[in-house]
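Asker: Using only what follows, build the 3D model:
(one chain, ligands or ions: 1)
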Amino acid sequence: MSAVLSVEARTRAGSSIATVLLGTGVVGGAFLKLLNTPAASSIRLVGAANSRRQQTQSAQLADPALRDKLRSHGDPRNDTALLGALDADEASVKVIVDATACGVLASRHAEWLARGYHVVTANKSLAGGDLPGWRTLQAALATGGRYGDSATVGAGLPVISTLRRLRHCGDSLLTLEGVFSGSLSYLFNQYDGSQPFSALLRRARELGYTEPDPRSDLSGEDVARKLLILARCAGFALRPDEVEVESLVPEGLRGVDVESFLSRLEELDEPLAARHAEAAARGGALRFLARLNQRGRARVGLVEVPANHPATRLYGTDNQFALSTTRYNTQPLVIQGPGAGPEVTAQALLGDVLALA
Ligand SMILES: NC(=O)c1ccc[n+]([C@@H]2O[C@H](COP(=O)([O-])OP(=O)(O)OC[C@H]3O[C@@H](n4cnc5c(N)ncnc54)[C@H](OP(=O)(O)O)[C@@H]3O)[C@@H](O)[C@H]2O)c1
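Answerer: Numbering: from 1, shown residues only. The predicted structure follows:
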């Protein structure tokens, strides 16, 4: 018997969770695959959209080629019609899954929660964005909707849930330190000065470890958003400008187009080679760390760490989160593992959706 439960079969079985999916890219595509597994049998997809088109017809939503077909077929994008599909469904739980990086959509999360939908998101723009937006989210959550945000940091590694649980038990964060970016983890786990940093970066890009424009990773901004999310979970309502961010992108390469940037990657080499040589001469290594202390001081940037530092024991694109708290105060509580990738990120979304039932 096939493990795949068709949309029709789910309708007969009376799925208890109706879902609209925003974003059918790398993560959204992996989420669609998970919806076709027995673990997701309680979830019924009632709408799906990319940036230009959407689909609300059950037969089309059940098509395994939905993601590809949305590129050329479907209705024009219209949030009202998508939410109408959720409203028309009789499921007791209605959830909007945001698998985009779209700031405009994120700015609507609070409104959706206030209207009685739950929101599950990989999109960091609201929880890791400006403080007024985050406060609006907190106010909307007080009205009863739930916000599944496990996928926003560490691709579902249990860091947000752990921070919340510790805080709930009255434990306070003393320091948080770690490697929050899969691409920067890979780059500095590999970089030993034997080849130019630009060569390593090109390789990482070819392997799909960086964004198409690697400046999104190298700027540190994505790490800063994750640090903001975690700091806020730990009780520090920081503004983005309170996170000090060291960008690895030289000034002269910040405003140029992607093609020019990629053709001038060698400009990154000399400054990084000098820093690597200095660190190596002292027996240390370079790691791109995010740090938060108990006074709420937050920094993201390249740090020379000693050879026995936990961040030197990372592999591939691993993330690492080391939490020292009033009760974990002799050794930090360390959470480590793959912190990027479509399958684990989509699984984090699925886990948050299932937790709503
Ligand atoms: N990739 C990972 O490993 C990973 C890990 C953790 C978190 N995340 C986060 O997950 C999110 C998605 O990442 P991704 O790698 O899947 O990105 P992606 O491949 O670029 O996909 C983004 C998707 O969002 C769609 N989209 C953009 N604006 C939209 C709108 N207004 N309405 C509906 N759909 C819209 C895009 O539509 P088009 O196809 O029409 O462009 C595309 O389908 C991001 O916030 C990212 O930071 C990713």
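Asker: what's the neighbour count on R202?
Answerer: Taking other C-beta atoms under 10 Å as the criterion, the count of residues near R202 is 15. Any C-beta I mention is one placed from the backbone N, CA and C, and that applies to glycine too.
Asker: Is it in contact with E266, as I believe?
Answerer: No. Taking contacts as C-beta atoms under 8 Å, R202 lies outside contact range of E266: 10.3 Å.
Asker: and the strand or helix carrying F188, what other elements does it pack with?
Answerer: Under the assignment given by DSSP states H and E, the secondary-structure element containing F188 is helix 182-190. In terms of contacts (3 or more C-beta pairs under 8 Å, 6 or more residues apart in numbering; DSSP states H and E), helix 182-190 is packed against helix 197-206, helix 215-218, strand 284-293, strand 318-325.
Asker: rerun that using 7 Å as the cut-off
Answerer: Here helix 182-190 is seen to pack against helix 197-206, strand 284-293, strand 318-325 when contacts are counted using 3 or more C-beta pairs under 7 Å, 6 or more residues apart in numbering; DSSP states H and E.
Asker: Switch these over to CSV; also include distance to the ligand and mean pLDDT.
Answerer: Compiled in CSV, those are given as follows (distance: least, C-beta to the nearest ligand atom, whole Å; pLDDT from 0 to 100):
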stretch, distance to the ligand, mean pLDDT
helix 197-206, 14, 95
strand 284-293, 15, 98
strand 318-325, 10, 97
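Asker: Which pLDDT does the model give A231?
Answerer: For A231, the model assigns a pLDDT of 97.
Asker: Is it correct that D318 is in contact with G337?
Answerer: Yes. D318 lies in contact with G337 (C-beta atoms under 7 Å); the separation is 6.2 Å.
Asker: Give me the more crowded residue out of the two.
Answerer: Between D318 and G337, D318 has the larger neighbour count (other C-beta under 10 Å), namely 20 against 17.
Asker: which residues sit in contact with the more buried one?
Answerer: The contact partners of D318, by C-beta atoms under 7 Å, 6 or more residues apart in numbering, come to S185, Q336, G337, P338, G339.
Asker: Which pair in the residues you listed has the greatest spatial separation?
Answerer: Spatially, the most separated pair among the contacts of D318 is S185 and G337, at 11.0 Å (C-beta to C-beta).
Asker: between those two, what contacts are shared?
Answerer: When contacts are counted by C-beta under 7 Å, 6+ apart, S185 and G337 have D318, N319 as shared neighbours.
Asker: What separation do you get for Y186 and G145?
Answerer: Look at Y186 and G145: by C-beta to C-beta, to the nearest Å, they are 36 Å apart.
Asker: more crowded one of those two?
Answerer: Each of Y186 and G145 had its neighbours counted (other C-beta under 10 Å), and the higher figure belongs to Y186 (25 against 21).
Asker: so what's the more buried one scoring on pLDDT?
Answerer: At Y186, the model reports a pLDDT of 96.
Asker: shouldn't it be in contact with T317?
Answerer: Yes. Because the distance of 4.7 Å satisfies C-beta under 7 Å, Y186 is recorded as touching T317.
Asker: Pull the contacting residues for the residue of the chain found nearest the ligand.
Answerer: Of all residues in the chain, the one sitting closest to the ligand is G25 (1.8 Å; C-beta to the nearest ligand atom). Contact criterion C-beta under 7 Å, 6+ apart gives A99 as the residues in contact with G25.
Asker: Kindly report the same for the one 10 residues further on.
Answerer: When contacts are counted by C-beta under 7 Å, 6+ apart, L35 touches I43, L45.
Asker: Could you check how far the residue nearest to G337 when sequence neighbours are not counted is from N123?
Answerer: Distance criterion C-beta to C-beta, 6 or more residues apart in numbering; nearest residue to G337, sequence neighbours excluded, is L157 at 5.4 Å. Between L157 and N123 the computed distance is 18 Å (C-beta to C-beta).
Asker: Report the secondary structure state of R44.
Answerer: Secondary structure of R44, reduced to three states by DSSP: H, G, I helix; E, B strand; the rest coil: strand.
Asker: and it, what are its bridge partners?
Answerer: Listed by DSSP bridges, the beta-bridge partners for R44 are A18.
Asker: so it makes contact with A91?
Answerer: Yes. Proximity of R44 to A91 meets the contact threshold set by C-beta under 7 Å, at 6.4 Å.
Asker: So for these two, which residue has more residues nearby?
Answerer: Shown here are R44 and A91; by other C-beta under 10 Å, R44 has more neighbours (22 against 18).
Asker: Leaving out the residues flanking it, which one is nearest to C233?
Answerer: Counting by C-beta to C-beta, 6+ apart, the residue nearest C233 is L163, at 4.5 Å.
Asker: which SS class is the one you found?
Answerer: Here L163 is recorded as helix under three-state DSSP.
Asker: any low-confidence regions in the chain?
Answerer: 1-15 (pLDDT under 70).
Asker: residue boundaries of the strands in it?
Answerer: 17-22, 43-49, 53-55, 75-76, 93-98, 118-121, 147-148, 173-179, 243-245, 284-293, 298-306, 318-325, 333-338 (DSSP state E).
Asker: Looks like Q55 contacts V46 (just checking).
Answerer: No. With contact taken as C-beta under 7 Å, Q55 and V46 are classed as non-touching, separated by 9.9 Å.
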